[in-house]
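[1] Structure for this input, please:
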Amino acid sequence: MTATSSDPDRPILAIIGHGMVAHHCVEQLVASGALARYRIDIYGEEALPAYDRVHLSEYFGGRDAASLRLGSDADYAHDGLALHLGVKVTGLDRVGHTLATSAGPRRYDKLILATGSYPFVPPVEGAADTSRLVYRTLADLDEIRAAAAGARRGVVVGGGLLGLEAANALRQLGLEAHVVEFAPRLMPAQLDAEGSAALRARIEALGVQVHVSCATESIKPGLRYRHRMNFVGGEALETDLVVFSAGIRPRDELPKLGGLAMGARGGVAIDECCRSSDPDIYAIGECAVWEGQSFGLVAPGYQMARVAAAQLCGDGTLRFQGADMSTKLKLLGVDVGSIGDAHGVTPGARSYRYVDEAGASYRRVVVSADGKRILGAILVGDNSYYDTLLQYTVNAMAAPTEPASLILPSSGGAPLLGADALPDSATICSCHNVSKGAVCAAIDTGCATLGDVKSCTKASTGCGGCTALLKQVFEHELTRRGVKVDKSLCEHFAYTRQELYGLVRVGAIESFDELLARHGRGSLGCDICKPVVASILASCWNQAILDPKRVVLQDTNDMFMANMQKNGTYSVVPRIAGGEITPDKLVALGRIGQKYGLYTKITGGQRIDFFGAQLHELPEIWSELIEAGFETGHAYGKSTRTVKSCVGSTWCRYGVQDSVKMALNLENRYKGLRAPHKLKFAVSGCTRECAEAQSKDIGVIATERGWNLYVCGNGGMRPRHAELFATDLDDAGLIQTIDRLLMFYIRTADKLQRTSVWRESLEGGLDYLKEVILQDSLGLGAELEAQMQVVVDNYECEWANALSDPEKLKRFRTFVNQRGGDPDIVFVDERGQKRPANMAMAASSPPAAHTAAPALGAGTAPGGKKVIPLIEESVS
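    Prediction:
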């Protein structure tokens with residue numbers, strides 16, 4: 001894509017490279033009026049325009065090149081701006097101010113080098129083709145995907161940040177993933193030994209095998225797999241493919257050819273203006289070295305881009321002074337954070353550590369010798385502490401009297417650092433270098449919403465890690481200016497979720513239309529308020545979600561009472577209360593799964609999930625399941641999911657109570673209960689805790705005298721241990737306490753708020769909750785119990801209800817004018833079952849792939865008729 005210039009005599013500013021940093025530099029140049037000074041030529045070696053390398057691994061999770069792209073064609077449609085893609089620059093003549101390119105010689109007056117880096121591959125004998133893959137560009141990822149076809153195992157050489165990203169990519173491709181690291185621990189640059197051990201424990205629990213202190217000597221043909229990796233010392237590992245991610249090196253071949261001053265370990269040496277030894281040439285990003293240091297993160301590259309753009313546009317005040325290399329990551333779903341002097345190398349530095357070996361979590365805070373400053377931190381397992389620790393570190397703020405309080409678990413995250421405590425110089429968004437002062441200035445110039453602030457400052461539009469802090473600062477600054485912070489649910493309801501719940505209860509309101517007419521604005525509602533009101537109505541009255549008054553409120557999963565999967569098919573999850581199932585029911589499940597060709601998986605919640613059902617098959621499958629004695633498992637809803645149990649005193653010699661019986665009682669009582677978020681329970685028959693009750697919203701552990709109740713725990717992205725709430729309860733007391741607690745949670749929680757987050761947000765914390773529930777301090781006990789009994793009494797299997805109503809069954813059609821399935825859904829066979837084909841495989845239709853129905857061509861029904869996707873509320 002190119003743009004012509006009406007002024008060919010303007011000096012030419014050439015930019016070599018078109019990655020994230022180069023794209024940001026172009027944005028800065030255009031915004032600073034550079035096109036009035038220069039014609040700008042950009043040369044990108046790749047055929048694709050700049051894309052988001054930070055989220056590169058999402059390419060294997062369904063995103064394509066278009067969705068990863070940065071900017072749009074319009075950004076490069078300016079007069080005097082030309083983007084040359086697929087053009088490689090091979091030579092630099094500084095005397096003649098010319099570039100040798102694959103498209104011929106090109107002239108420049110000023111030059112910005114933004115060539116980035118390349119993946120370092122150590123010299124290993126025999127490394128070639130599928131045993132010498134790298135993880136850097138979209139083209140590299142396409143090669144990995146191709147190599148993974150038919151493969152069983154993949155190895156990543158390198159246990160750093162990019163290496164673990166690559167290992168996750170192999171997992172997403174369905175391979176058994178291994179990581180081989182030369183150093184004695186993972187991520188040695190960011191983590192200490194304890195942090196690395198916690199990270200290793202977590203990712204090995206996910207099935208990724210880690211090999212440390214391993215140096216690859218050679219790669220030979222394998223016996224059971226394609227390749228055999230031989231390590232120094234005699235050990236070996238066979239694999240089908242090898243991805244090297246052993247670090248990066250600056251792309252500096254051009255500046256070397258041009259004779260520019262280089263860093264001691266490569267890279268273009270630059271000054272604080274990002275200028276090289278040639279005053280007409282600048283360097284930014286990973287190809288640049290400032291005071292002997294290179295920067296492999298995007299935020300420092302963006303800072304350099306801003307400095308170079310300012311210098312070229314006549315603003316000599318902006319300088320590059322180095323960059324904070326703190327990082328907040330999610331690697332294979334595991335939170336990892338590294339801040340400032342994470343290793344405590346500052347003379348006199350002292351450390352506080354929190355180690356949870358059972359949960360594989362680790363936190364370390366490094367303080368100055370006098371204990372007055374936070375110097376750095378390491379986090380593994382929970383990044384909710386990151387923002388507060390970062391602000392203490394980068395702003396040199398006085399540490400709290402007890403620095404250890406910043407990492408202790410009792411508060412469910414570091415004590416929140418109020419927005420008023422942050423100086424105006426505090427960095428809110430490191431990607432775009434947005435300070436608190438810049439946010440305040442944006443508000444003062446008319447930014448009235450959080451979206452306005454984001455658009456104006458670009459804060460939170462990079463990696464997104466600063467979103468919560470930005471919102472906190474924005475709301476605080478509005479309040480300080482006397483502006484009431486609007487906490488309305490949406491434009492249709494000037495109430496919070498808690499307030500709407502009260503209105504529904506007090507007014508005995510049973511429909512969205514009635515609530516909107518009495519307490520809202522407009523006539524339709526939106527995607528925010530409809531699901532929230534649907535949840536409230538279900539929590540209060542427990543009426544069928546597909547009733548005409550409620551069906552228009554539902555999202556896709558509730559609409560079809562099944563979870564939509566990545567390829568457009570649905571999962572089917574029957575309830576298996578307490579994890580107890582008869583052989584006859586197991587046989588029935590096997591028969592149904594076999595009949596409909598469903599992928600079958602036993603879940604961590606002790607039930608069996610079916611995957612791969614098309615929309616039109618759901619009623620048929622559920623009809624057979626219900627006939628076999630099953631009912632809906634509510635896996636599609638924000639509701640009670642499972643009650644996990646051990647076998648308890650019935651079978652186990654350690655059991656002291658019948659945990660299965662109690663699990664059945666709990667699941668059958670609370671099944672169908674709708675809540676702000678999903679609810680998971682577990683019952684253990686003794687303190688050996690085989691059911692893992694202390695990681696659940698409701699956890700019950702047997703004692704000699706009854707049951708101990710634990711509340712408000714969860715696993716998932718941010719694990720939290722449940723807290724001991726009551727001890728030695730009898731059966732009736734346990735049920736009464738859970739009734740009250742769950743209804744109080746449903747009554748007071750915010751939308752989509754887990755019990756753990758709700759508990760942390762309660763003023764007075766756990767003691768206050770005990771007063772309300774156990775001591776009935778608010779006098780709500782009987783009311784909460786009665787409200788729960790209404791839900792229990794009104795329970796009905798939602799699938800049984802739908803199957804009895806022909807009108808409700810009309811929505812289970814993929815196309816409005818034919819009853820078959822979608823012919824474009826493609827599966828492949830793997831380990832004796834089918835799974836969705838990868839996007840590239842589906843497009844090329846390999847021999848191993850098969851479609852869910854006879855191939856008819858996209859959008860075509862038998863007989864060549866055009867098929868129309870179902871988008872209406874019902875069809876005849």
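[2] Residues contacting stretch 198-210, please?
    Residues from elsewhere that reach stretch 198-210 (Cβ atoms under 8 Å, 6 or more residues apart in numbering): 159, 164, 167, 171, 176-179, 181, 185-187, 191, 212, 331-334, 336, 355-357, 360-362, 380-381. Any C-beta I mention is one placed from the backbone N, CA and C, and that applies to glycine too.
[3] List the buried residues of it.
    198-203, 208, 210 (16 or more other Cβ atoms under 10 Å).
[4] Show me the two of the residues you listed that sit farthest apart.
    The most widely separated members of the buried residues of stretch 198-210, counting by Cβ to Cβ, are 198 and 208 (14.4 Å).
[5] and residue 177, what helix or strand is that in?
    Counting by DSSP states H and E, the element that carries residue 177 is strand 176-180.
[6] What strands flank that strand, and is each parallel or antiparallel?
    Taking DSSP bridges as the criterion, strand 176-180 forms sheet pairs with strand 153-157 (parallel), strand 209-211 (parallel).
[7] can I get the CA coordinates of that strand in CSV?
    C-alpha atoms of strand 176-180 as CSV (Å, rounded to 0.1, in the frame of the first residue of the first chain):
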residue,chain,number,x,y,z
GLU,A,176,2.6,-33.4,24.5
ALA,A,177,4.8,-30.4,25.4
HIS,A,178,8.3,-30.4,26.9
VAL,A,179,10.5,-27.5,27.8
VAL,A,180,14.3,-27.9,27.8
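[8] Next, the angle from the next helix-or-strand element following it to strand 176-180.
    Once strand 176-180 ends, the next helix or strand along the chain (criterion: DSSP H and E) is helix 193-205. Between helix 193-205 and strand 176-180, the angle comes out at 160 degrees (axes from the mean of the first three to the mean of the last three Cα atoms, to 10 degrees).
[9] For stretch 275-289, which residues meet the burial criterion?
    In stretch 275-289, counting by 16+ other Cβ under 10 Å, buried: 275-278, 281-289.
[10] repeat for stretch 759-767
    Those would be 759-760, 762, 766, for stretch 759-767 by 16+ other Cβ under 10 Å.
[11] quick one on the thing from earlier: any chance of the buried residues of stretch 275-289 in TSV with pLDDT, distance to residue 706 and secondary structure as columns?
    Output for those, formatted as TSV (pLDDT from 0 to 100; distance: Cβ to Cβ, whole Å; DSSP: H, G, I helix; E, B strand; the rest coil):
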residue	pLDDT	distance to residue 706	secondary structure
275	97	75	strand
276	97	75	coil
277	96	78	coil
278	97	80	coil
281	97	77	strand
282	98	73	strand
283	97	70	strand
284	97	66	coil
285	95	63	helix
286	95	62	helix
287	96	67	helix
288	96	67	strand
289	96	67	strand
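[12] just for the chain, where's the confidence low?
    1-8, 410-418, 462-465, 545-555, 716-718, 838-876 (pLDDT under 70).
[13] what's around the closest residue to residue 165 other than its chain neighbours, how many residues?
    Using Cβ to Cβ, 6 or more residues apart in numbering and skipping the chain neighbours, the partner closest in space to residue 165 is residue 57 (5.0 Å). Residue 57 has 22 neighbouring residues, counting by other Cβ atoms under 10 Å.
[14] Residue 57: what secondary structure?
    helix (DSSP: H, G, I helix; E, B strand; the rest coil).
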